[in-house]
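Visitor: give me the fold of what follows.
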Amino acid sequence: MEKAKKGGAKVYVNPIPKKERMQIPRRDEPKRPAGERAADMDEIYIYFTEEEIIEQARRCIECKVPKCMIEGCPLHNRIPEWMNAVAAGDIREAARISNTTSNLPEICGRVCPQHKLCEGHCTLSKKAGAVSIGRIERFINDWTREHGGLEIPEIPAATGFKVACIGSGPASIAVADELRKKGHDVTVFEKNKVASGLLHYGIPPFKLNKEVVGARIERLEKMGVEFVLNTEVGKDLTLADLKEKQGFDAVFIGIGAPLCKSARCDGEDLGRVFSADEFLMRNNVAVDDRPDDMKENIPVGISVIVFGGGNTAMDCVRTGIRAGYEKVYCFYRRSQLEMPAGEKERVNAEEEGVEFQYLVAPSRFLANGGNVVAEAECFRMELGEPDDSGRRRPIKLEDSEFTVDIDTVVLAIGYDNDPSFSDDVEGLDTDKWGCVIVDNYNGQSSLEWVFSGGDAVHGADLVVTAVAAGRRAAAGMDAFLKGEPMPKKPEEKSEEK
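Guide: Modelled structure (predicted):
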C-alpha cells in the first residue's frame, strides 16, 4: 500500500478500488460461548487478528461527506483517517489519530452504541453492513497500549493556573487531559477509593476491563494530573473552599447524575431491594475498592427481578447471571421496540439466560412475615400515544395485577441529578432537576469560574457525550484562565461582528 506525505503528516492511499471494497463482507467479532462467558467476569468478545482488522478497515469507502464522523459521532472522530492508517497496517498511527479527538477511545470502542452513532451513519450500513468502527477503535488502542503505548505528550511550561475537577468520570477525565496539555495544574477530587467514576464502579468488567480504565488514569498521572481520593466535595470540603481556601482559579463539576430513581412503590425499603448502583458495585467491584458501607457481598438468592430497560438494566441482569441466581428476569414497562438498551446488550443477555417480560411495571413489594422482599406485585401495561421522548406512553391495564415470588429486586429505572450539590455556593444556577445550567458550547455556568458538563448538565447519558462535553468545557476554561474570548457557536460569532 502506497504511503504519501502531506504537510509532514502521513497520508495513506487504499489501493483497493471502492467498488471492490464493498465486496469485502462485514465481520462481527465472535463471542465466547454463552455458558462459558456467563461463568466469569471477563470481556465476552474475542479479538480479531491483526490481519482481520486490516481487512475490515479496508472496507471504508472514504465518503466525500463522512457522516460517520460528522453526524454520527459526538466527538467528530477522524474515522476515515484512522481507517486508512489501519488499512495500511500502521496500527500505532491509527491509535495516535484516534487520540487527537477522543480522550477515551479504548473505552468508547467498547461501550458506545455504535449502531446508533458512527456505524448507524456509515454509508455502507444499509448496503453491505457498516464498517466495524467500534471494534477497530478498540483494537487499535488496545494493541498500541500492549505494545508500549503512545508517547506521553510534552507538557508546556506551567501557566501558574490551578484547576480542580470534581468527580473523576469521563467528563472530568477529558477536562483534566485537555487542560494539562495546556500547561495548567489539574487536581481531580474523587469521593471513592479508585479514580474514574462510573467507568470503574458502574460498568461491569465483562463489558469494560478495569485494567483498561486503570491504564488511562495512570497515563494522566504520568502527565502530572493529581488525583485526590476519598474526598467528597460538598461533604469533606465545599465548592467555595476550592476557590477561597485552596486557591483554584477554575472548577469543573463532573459529578454525573448520581441518584438512582425511585420506583415510587410501597416496599422499596425492604431488605434485598437494591438500587442498580449498589447491586453492580457489590457484585462487580473488589471489596477493598468499595465504599465502607458496601463491603459486604450480597448473598446470592434463587431469583432476581431487574426493573428497567436501559443499558444499566442489562448490566444488572447479566451480573445476576454471573452471580449465580437460578432465575434472572428483566421486567420493562414498554415493549422491546422502545427499549433504550442497545440490541446487542439485550441479545447477549438473552443468550446468557435472562428472561424478559415486556409491558410490566411494579406496584409494590411484599415481605412474608419479615423485613425482606418475598413477592413483587406487578401490573400489565399497554402503549398509548407518544410522550415527550417520542416513545409511546405506557398505560396501566385495569385488573391486570399479578405477583411473582422473588428474593431479590433491583431497580434500574434511571438516574437523577443531585440538587443539593449547589447549596454551599451562592449564584450557581441549576434547573428543576438539579442539573447545572451552562453554556453548552463552552461549559461555563452562572459563576464565571465554575464549569460543568456531562451527566451533571444534561442528565444520565453516554460516555461519549460526557467526553465531548468535557472537551468543550476544557476549551472554555482555558480561554477563561487566559482572559481570552470564550468559544461560542459560529452563528453567535457572526452576530457579534
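Visitor: so where's the stretch 201-350 of the chain uncertain?
Guide: Nowhere does the stretch 201-350 of the chain drop to pLDDT under 70.
Visitor: what ranges do the helices span in the stretch 1-150 of the chain?
Guide: Here the stretch 1-150 of the chain has its helices, by DSSP state H, counting those that start in this stretch, at 18-21, 34-37, 50-57, 67-70, 79-87, 91-101, 105-111, 133-146.
Visitor: how about the ones you listed in JSON lines, adding mean pLDDT, distance to residue 296 and mean neighbour count?
Guide: In this view, the C-beta of every residue, glycine as well, is placed from N, C-alpha and C. Below are the helices of the stretch 1-150 of the chain laid out as JSON lines (pLDDT from 0 to 100; distance: least, C-beta to C-beta, whole Å; neighbours: other C-beta atoms under 10 Å):
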{"stretch": "helix 18-21", "mean pLDDT": "87", "distance to residue 296": "55", "mean neighbour count": "12"}
{"stretch": "helix 34-37", "mean pLDDT": "97", "distance to residue 296": "27", "mean neighbour count": "14"}
{"stretch": "helix 50-57", "mean pLDDT": "96", "distance to residue 296": "43", "mean neighbour count": "19"}
{"stretch": "helix 67-70", "mean pLDDT": "96", "distance to residue 296": "46", "mean neighbour count": "18"}
{"stretch": "helix 79-87", "mean pLDDT": "95", "distance to residue 296": "45", "mean neighbour count": "25"}
{"stretch": "helix 91-101", "mean pLDDT": "97", "distance to residue 296": "40", "mean neighbour count": "21"}
{"stretch": "helix 105-111", "mean pLDDT": "97", "distance to residue 296": "28", "mean neighbour count": "24"}
{"stretch": "helix 133-146", "mean pLDDT": "97", "distance to residue 296": "34", "mean neighbour count": "23"}
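Visitor: so which of those helices is nearest residue 185?
Guide: For residue 185, the closest of the helices of the stretch 1-150 of the chain is helix 91-101, at 22.2 Å, according to C-beta to C-beta.
Visitor: what's next to the closest one, contact-wise?
Guide: Contact partners of helix 91-101, identified using C-beta atoms under 8 Å, 6 or more residues apart in numbering, comprise 10, 50, 53, 75-78, 81-83, 85-86, 105, 137, 139-141, 143-144, 147, 150.
Visitor: quick check: domain ranges of this protein?
Guide: Per the record, the chain has its domains at 3-146, 162-257+418-496, 259-415, by automatic domain parsing.
Visitor: of all those, which one is nearest residue 154?
Guide: domain 162-257+418-496 (8.9 Å).
Visitor: now do the contacts for the most far-flung residue of the chain relative to its centre.
Guide: The outermost residue of the chain, judged against the average C-alpha position, is residue 369 (41.0 Å), by C-alpha atoms, centre = their mean. With contact set as C-beta under 8 Å, 6+ apart, residue 369 has no partners.
Visitor: doesn't it belong to a helix?
Guide: No. If the criterion is DSSP: H, G, I helix; E, B strand; the rest coil, then residue 369 is coil and not within a helix.
Visitor: next one: the nearest residue to residue 409 once chain neighbours are set aside from residue 356, what distance?
Guide: Using C-beta to C-beta, 6 or more residues apart in numbering and skipping the chain neighbours, the partner closest in space to residue 409 is residue 273 (4.5 Å). Note on residue 273: its distance to residue 356, by C-beta to C-beta, to the nearest Å, is 20 Å.
Visitor: who has more neighbours out of those two?
Guide: In this view residue 273 and residue 356 are compared by other C-beta atoms under 10 Å, and residue 273 has more residues nearby, 23 against 16.
Visitor: how far away is the more buried one from residue 330?
Guide: Distance of residue 273 to residue 330, given as C-beta to C-beta: 16 Å.
Visitor: with residue 377 instead?
Guide: 17 Å.
Visitor: more crowded one of those two?
Guide: More crowded of residue 377 and residue 330, by other C-beta under 10 Å: residue 330, with 29 against 16.
Visitor: what are the buried residues along the helix or strand encompassing the more buried one?
Guide: For residue 330, the host element (DSSP states H and E) is strand 327-332. Under the neighbour-count criterion of 16 or more other C-beta atoms under 10 Å, strand 327-332 has 327-332 buried.
Visitor: who is residue 436 paired with across the strands?
Guide: residue 430 (DSSP bridges).
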